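A.B. asks: following is a predicted model, sequence given first.
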Number of protein chains: 2
Amino acid sequence: MNNLSAPQGIEPASAVADPAAPTYSDILAAAARIAPHAHATPVMRSRVIDEAAGCELHFKCENLQRGGAFKFRGACNAVFSLSDEEVARGIVTQSSGNHGGAIALAARLRGGRATVVAPHNTPKVKLAAIRAYGADIVHCEPEQSARDAATAQVLARTGGVLVHPFNDPRVIAGQGTATLELLASAPQLDTVIAPVSGGGLLSGTAIAAHGHDPSIAVYGAEPEGARDAHDSLLEGRRITGRKTDTVCDGLRAELGTLTFPILRSHLRDICLVDDRQVIAAMRLIWERMKLVVEPSGAVPLAVVLAYPALFAGRRVGLIVSGGNVDLDLAAQWFAPQTL
Amino acid sequence: MNNLSAPQGIEPASAVADPAAPTYSDILAAAARIAPHAHATPVMRSRVIDEAAGCELHFKCENLQRGGAFKFRGACNAVFSLSDEEVARGIVTQSSGNHGGAIALAARLRGGRATVVAPHNTPKVKLAAIRAYGADIVHCEPEQSARDAATAQVLARTGGVLVHPFNDPRVIAGQGTATLELLASAPQLDTVIAPVSGGGLLSGTAIAAHGHDPSIAVYGAEPEGARDAHDSLLEGRRITGRKTDTVCDGLRAELGTLTFPILRSHLRDICLVDDRQVIAAMRLIWERMKLVVEPSGAVPLAVVLAYPALFAGRRVGLIVSGGNVDLDLAAQWFAPQTL
């Protein structure tokens, strides 16, 4: 069961817009730019899970996106925003997996080369996808400081162009296109929940949702074992340098300088769940919706089930962020004694 | 690897139509009857699997059907074809799982009661679904003779109405509606493959496909460990009474007196695959398409991958029959040493 205190809400930040943050118009432009390459993923429902949750849930299935995650949206928008000269210099990024695969695929579609800096604990299936799309991999330690150092080294060595996984307005705008599609399919939603790691997806989600309807409540969903975003928003300053401990391999990054102020000005709250709640929610999606989602992608449903009073009777959109799972690991997750 | 001989093709049977067999018109009528209750499931594609298979694959996702399998189509058509008086007597069936859940759900939607005779090796998740939809369960041994004996006892005791899982023209017509939808979505298919157990799905598939275009090649897909349909068509007589040994819990029944002649007059062939090939195909669908399918539902893809020369360059529709999986069992399947 959940041992966390109930969400308290976030102190409203000053509403001064960061000039570097993407706008709703940028998200509309991104949607047009990536349309020839990205899938318009389905929005799925489940009567059984609605009944269990006590609200109306609309699952935006980014596990069915190309590359198996929403990351292709931002990567594609960024890579197709580059000049030919920039593409020729080579594209460099850092990633715990899905963004790396997405950049590799987008670079191949654009006719360029990519190098991905990946922590050594990146799941095998995600490394295999990066290689399959033809990108080079440079391994590093999982902490953010080690990722940044290795990325700087690669940029210096290759003269390439950085496409950061979340602290980049083109990437944020691309991620927001998932919510554009979600709200085109279900325009009456009053709540949208997305997972938070570096904050690129959640920032794009919030800007898109509030461009559609400023009264939509936007929540972040974060694992207890990587709660830097929750604590950063509570304390009003960006917390960095913590170790993480969560089954959600896609949610171990820290908020960026660009995403932190966007989230402060847009979010209703960030809700925490523990790994056991994440695995239970993931199992429910596999069993009842017949969809393979990765742990990170099940965190929004875990939040809905953990805080029923917050969402009772509401019309909730959930960003199911990805479905790239090592099935050998999944065997461990589902054995009841291991968590 | 595959140790089976290549498919030889089936001797054409006499083309005299069985008057009890459903017609294409019956399938069109079934589609209208079940439309208020059943999902029109999506047809999905995968570039990666197309490349691996060397042909164009269209996956009809009946794992996303209500109850998690195509079975709801036939059950719904049969139950909504009954008179009120028949419904009041109670509906009885026998099932290794998915048909039982489908009858239980259809009976509940119709406002009636159902009793399901289920072999004791029925997966827990399927028994749970039958109970969740409010039906009674009577357990029996897995052999067909034991299922028939237990069903006869229940019918005698309750005075109920039998809806057989496959040897029933209303059920066959309902199952055929999946192929109607498949061909509405992909009218240019030249090949359709469905799994075969009792033959209800495959019979409906063949009648629907040949009603759409008589030149479509229709294949059955069957596990080596339950190859009675393959051998029955090869020998020209219905083989019964064998033990089965396969991971495909949904494909252990034998052809019926009604389905055998339908398959004889419609099929190009029945292709065999072993359990290792089934699990590999299932894993491919989970990993690349992010869809949870049960072993039985992956047998058509296993056939395509096992006999590439048969399907090279063709436009192939695959009926992904169901997605009801005990995830605790799945952990065993994916551990490489267990098969």
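C.D. replies: Looks like it arrived, so ask away. Residues are numbered from 1 along each chain as shown, chains lettered A, B, ... in the order given.
A.B. asks: in space, what's closest to the residue of the stretch 1-150 of chain A found nearest chain B - neighbours in sequence excluded?
C.D. replies: Distances between the stretch 1-150 of chain A and chain B by CB to the nearest CB are smallest at A:Asn63, namely 4.5 Å. C-beta here means a position set from N, CA and C on the backbone, and glycine is covered the same way. Closest residue to A:Asn63 apart from its sequence neighbours, by CB to CB, 6 or more residues apart in numbering or on different chains: A:Gly323 at 2.8 Å.
A.B. asks: please, where are all the strands along the stretch 51-200 of chain A?
C.D. replies: Remark: strands assigned in the stretch 51-200 of chain A by DSSP state E, counting those that start in this stretch are A:56-61, A:91-94, A:114-119, A:136-140, A:161-162, A:191-195.
A.B. asks: and of those, who's closest to A:Ala184?
C.D. replies: Across the strands of the stretch 51-200 of chain A, the minimum distance to A:Ala184, taken as CB to CB, is reached by strand A:56-61, at 10.7 Å.
A.B. asks: and the closest one, which strands flank it?
C.D. replies: Taking DSSP bridges as the criterion, strand A:56-61 forms sheet pairs with strand A:43-44 (antiparallel), strand A:315-320 (parallel).
A.B. asks: that's a helix at A:Ala281, yeah?
C.D. replies: Yes: the assignment for A:Ala281, made by DSSP: H, G, I helix; E, B strand; the rest coil, places it in a helix.
A.B. asks: so what's A:Phe311 up against?
C.D. replies: By CB atoms under 8 Å, 6 or more residues apart in numbering or on different chains, A:Phe311 lies in contact with A:53-55, A:191, A:304.
A.B. asks: residue nearest the centroid of chain A?
C.D. replies: Centroid-nearest residue in chain A, with CA atoms, centre = their mean: A:Leu201, separated by 4.3 Å.
A.B. asks: so that residue makes contact with A:Gln175?
C.D. replies: Yes: contact criterion CB atoms under 8 Å: A:Leu201 and A:Gln175 qualify, at 4.5 Å.
A.B. asks: run a quick neighbour tally on the residue of the stretch 1-150 of chain A closest to chain B.
C.D. replies: 26 (other CB atoms under 10 Å in any protein chain shown).
A.B. asks: just the pLDDT for it.
C.D. replies: Predicted confidence (pLDDT) for A:Asn63: 97.
A.B. asks: residue contacts, A:Thr244?
C.D. replies: Residues touching A:Thr244, when contacts are defined by CB under 8 Å, 6+ apart, comprise A:142, A:225-226, A:228, A:252.
A.B. asks: please apply the same query to A:Ala30.
C.D. replies: Listed by CB under 8 Å, 6+ apart, the contact partners of A:Ala30 are A:22, A:73, A:77, A:170, A:173-174, A:176-177.
A.B. asks: okay, and it sits in which element?
C.D. replies: Using DSSP states H and E, the element containing A:Ala30 is helix A:24-34.
A.B. asks: find residues that contact each of A:Leu201 and A:Gln175.
C.D. replies: Common neighbours of A:Leu201 and A:Gln175 are listed as A:70, A:74 (criterion: CB under 8 Å, 6+ apart).
A.B. asks: re the thing from before, export the one helix or strand the residue nearest to the centre of chain A maps to as PDB, just CAs?
C.D. replies: Mapping A:Leu201 onto the secondary structure by DSSP H and E places it in helix A:200-212. Backbone C-alpha positions of helix A:200-212 (Å, rounded to 0.1, in the frame of the first residue of the first chain) are rendered in PDB as follows:
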ATOM      1  CA  GLY A 200      10.600  17.400 -21.300                       C
ATOM      2  CA  LEU A 201       7.500  15.300 -21.800                       C
ATOM      3  CA  LEU A 202       5.700  16.900 -18.800                       C
ATOM      4  CA  SER A 203       6.600  20.400 -20.000                       C
ATOM      5  CA  GLY A 204       5.300  19.800 -23.500                       C
ATOM      6  CA  THR A 205       2.200  18.100 -22.000                       C
ATOM      7  CA  ALA A 206       1.400  21.100 -19.800                       C
ATOM      8  CA  ILE A 207       2.000  23.700 -22.500                       C
ATOM      9  CA  ALA A 208      -0.200  21.800 -25.000                       C
ATOM     10  CA  ALA A 209      -2.900  21.100 -22.400                       C
ATOM     11  CA  HIS A 210      -3.100  24.700 -21.300                       C
ATOM     12  CA  GLY A 211      -3.000  25.900 -24.900                       C
ATOM     13  CA  HIS A 212      -6.100  23.800 -25.500                       C
END
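A.B. asks: what's the burial count for the residue nearest to A:Cys271 when sequence neighbours are not counted?
C.D. replies: Excluding the flanking residues, the one nearest A:Cys271 by CB to CB, 6+ apart is A:Val303, at 4.4 Å. A count of nearby residues for A:Val303, using other CB under 10 Å, gives 28.
A.B. asks: quick check: ChimeraX command selecting the buried ones in the contacts of A:Phe311.
C.D. replies: For anyone working in ChimeraX, the buried entries among the contacts of A:Phe311, judged by 16 or more other CB atoms under 10 Å in any protein chain shown, can be selected with:
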select /A:53,55,191,304
